[in-house]
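Engineer: only geometry, no sequence info:
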């Protein structure tokens, strides 16, 4: 019995009704809902565990009155910290543990959100290789080329909204794309509707995106959509005073302001 | 516009706040200051209400340029609406730059209720600027893609 299984069994025996974790799937680890101690042996944790489980802890059907534990990766921890700063988490019903990075499989349970925040302070948020390459490619382009590049990329979008479903921070009960009075954004795939949908997604993520890459991974047609919010996250961090990958302490970028925000574009 | 096709007349949409810029634009008129007629003013309760989607919709529907204007910082009728708006514009402008939308066509400004002359200048400058840039077909082409396809069939 490994340490993860031991932990899961002890949690389930102490009254936890559900453990969100990963099991072996066809293509690496996939999300797994562990309800009983017998199932605990199926739990795994490796570098393929990339799905952000924080999406599940927002579901009322999972987060009822029972205690739920999450086997969190670094990405999940970041999402939980951000969600907690937005008052989206019922802390008393949630147990968060992670497998420490040292490699001997030690399980670390967090006492609360504050401990998660301090755990994240020395973890730098890296930029994915795909985004770095894209950054290089786009930096050499003129404005017109950038425009046609993105129009072309977004024209492949089939509006499946997998990006919305995969994102742990997309939790509006009524999405702007579902609003039809007025119909802001064409819900079907159309070049402008796709463009507007992504612009909205990124604007809603300003200073909130935790750079987990779940949206890019979820996209069935392979549009690097996570690049936009990831780039915004890095570029605006100085301006808005946050550290990428860590939750803001005094409100999200767009829900607060500084009187000395830059004005050089306002004439 | 129609009888002289060689000259391009820019279509400008101005999103302005009720308390400062709209009153400022009124003052321009009552002061008998002449300015370009290309601008269509849309009045909002506050710059904080000016959703970035409205700007995109204006472009999609054929606007060649956009003016967004409201109260100077610390002058907001609702205390902080313009501060919040300014943050949103910083983020929005940055995103448009990444995507490759022509941000030169969006003019942000603060015009108070006493600055009638500034409003006139602002519109004149924007019109001159957009006249130089030409019509913004790049954006409308994408927006009208579906309609065009229907027509071809």
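Structural biologist: Thanks, I have it. Keep in mind that what you see is a predicted model, and the values were worked out from it rather than measured.

Engineer: so how far is residue B:86 from the residue most central in space within chain A?
Structural biologist: Residue closest to the mean C-alpha point of chain A, counted by CA atoms, centre = their mean, is residue A:168 at 4.2 Å. Residue A:168 sits 29 Å away from residue B:86, going by CB to CB, to the nearest Å. Bear in mind the C-beta positions are built from the backbone N, C-alpha and C, glycine included.

Engineer: so where's chain B shaky on pLDDT?
Structural biologist: B:1-6, B:146-153 (pLDDT under 70).

Engineer: quick check: the gap between residue A:29 and residue A:258.
Structural biologist: Separation of residue A:29 from residue A:258 (CB to CB) stands at 42 Å.

Engineer: try residue B:74
Structural biologist: Using CB to CB, residue B:74 is found at 13 Å from residue A:258.

Engineer: what residues are shared contacts of these two?
Structural biologist: Jointly contacting residue B:74 and residue A:258 under the rule CB atoms under 8 Å, 6 or more residues apart in numbering or on different chains is no residue at all.

Engineer: now the closest residue to residue A:125 other than its chain neighbours, what's its secondary structure?
Structural biologist: In this structure, residue A:125 finds its nearest non-sequential neighbour in residue A:245, 3.1 Å apart by CB to CB, 6 or more residues apart in numbering or on different chains. At residue A:245 the chain is in coil, as set by DSSP: H, G, I helix; E, B strand; the rest coil.

Engineer: may I have the phi/psi pair for residue A:245?
Structural biologist: The phi/psi pair for residue A:245 (degrees, to the nearest 10) reads phi 90, psi -10.

Engineer: so it touches residue A:120, yeah?
Structural biologist: Yes - counting by CB atoms under 8 Å, residue A:120 is a contact partner of residue A:245 at 6.7 Å.

Engineer: domains of chain A?
Structural biologist: Here the domain parsing of chain A from automatic domain parsing is A:3-120, A:129-255.

Engineer: any chance of the ones you listed in CSV, plus mean pLDDT?
Structural biologist: Listed next are the domains of chain A as CSV, based on pLDDT from 0 to 100:
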stretch, mean pLDDT
domain A:3-120, 87
domain A:129-255, 89
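
Engineer: contacts for stretch A:194-207, please.
Structural biologist: For stretch A:194-207, contacts defined as CB under 8 Å, 6+ apart pick out A:150-151, A:154-155, A:157, A:159, A:163-164, A:167, A:169-170, A:172, A:176-177, A:184-186, A:215, A:225, A:228-229, A:232-233, A:236, A:240, A:242, A:248, A:252-254, B:52-53, B:56, B:88, B:91-92, B:95, B:99, B:142.

Engineer: tell me the buried residues in that stretch?
Structural biologist: A:194-207 (16 or more other CB atoms under 10 Å in any protein chain shown).
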